[in-house]
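Trainee: mind looking at a prediction? Sequence and model below.
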Amino acid sequence: MWKCFPFTVVQMATPDVLKLRVILDEVNAEKLNLHSRPDTAQLYGEFHRITNQSLQYSFFAALDKNTPQLLKLYKGRKTGAFGEKMADLLMAYDEQDKSDISATRTAALAGLPLYLKEDSSVIFKSCKEEEFEAFQEGAVALLGVVAEEDTAAGIPFPPLHVSVILEDQVVMTLRSWTDALVVLFSLIYAVNMSYPAKLSGFFEFIQVVLLNLDDGRKQLKPKLQALKNERE
């Protein structure tokens, strides 16, 4: 069972983050302030209110169903710059305990941007504990703290903890990389923020293919449609 650290929302002034503060205020029993600590259950409750979906259940059920085929596809993509990174990721995954579902989920999700040929390095980052402040930057990011610097595609197997970063600030810290990713997705979706341009396909795949939240769109981007067809 995963654990969540308390999180503190800091004062930020961008329109998207102001919308985030409103969302979090609505799920808090008390007015949001620098000392409020809404938990993930409240956040997922707001996501359920918006979508009528249980995010964690829907996300991981769909991911687990698709993981065997995704990993099979990843093993066939080992040429070019993204292929080399994919090979490193799969090698790191091969060293993990296969009975650990978190490691398998991490591999399936971390390989997705590489398969789509998207650069995840600005969003998915890792560092040692003493380097945290230097790496704590970015409009949107997941920052995993690791015991050793060498990580594949910025993905820790496993992390000491992972922080969700918005506008250079930590808004939540969790034990699991996959749980932190679910939180990040729910925050972006709840406030209707644009997906990071370099990972737009990755997040759209989660939204449309895994969660069936198509928002009335007629069709997927060609590379996402191709992946959807390949995994079926």
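Mentor: On my side now, so go ahead. These figures come from a predicted structure and were not determined experimentally.
Trainee: ok, the residue nearest in space to the middle of the chain to Ser99 distance?
Mentor: Nearest to the mean C-alpha position of the chain, by CA atoms, centre = their mean, lies Leu181 at 2.3 Å. Distance of Leu181 to Ser99, computed by CB to CB, to the nearest Å: 21 Å. Bear in mind the C-beta positions are built from the backbone N, C-alpha and C, glycine included.
Trainee: again, but for Arg175
Mentor: Using CB to CB, Arg175 is found at 17 Å from Ser99.
Trainee: swap in Glu133?
Mentor: 35 Å.
Trainee: could you point out which element follows the lengthiest helix in the chain?
Mentor: The helix spanning the most residues in the chain, taking DSSP state H as the definition, is helix 55-75. Per DSSP states H and E, the first helix or strand lying C-terminal to helix 55-75 is helix 80-94.
Trainee: report all helices and strands that that following helix contacts.
Mentor: Identification of packing neighbours for helix 80-94 by 3 or more CB pairs under 8 Å, 6 or more residues apart in numbering; DSSP states H and E yields helix 55-75, helix 101-115.
Trainee: okay, the ones you listed, which one's buried deepest?
Mentor: helix 101-115 (a mean of 22; mean count of other CB atoms under 10 Å).
Trainee: can you tell me what sits against that one?
Mentor: Here helix 101-115 makes contact (CB atoms under 8 Å, 6 or more residues apart in numbering) with 60, 63-64, 66-67, 70-71, 73-74, 77, 82, 85-86, 89-90, 93, 96-98, 119-120, 124, 152-153, 155, 157-158, 176-178, 181, 199, 201-202, 205, 227.
Trainee: just the helices in the protein please.
Mentor: Using DSSP H, the helices of the chain run over 15-27, 40-51, 55-75, 80-94, 101-115, 132-135, 177-190, 200-204, 222-230.
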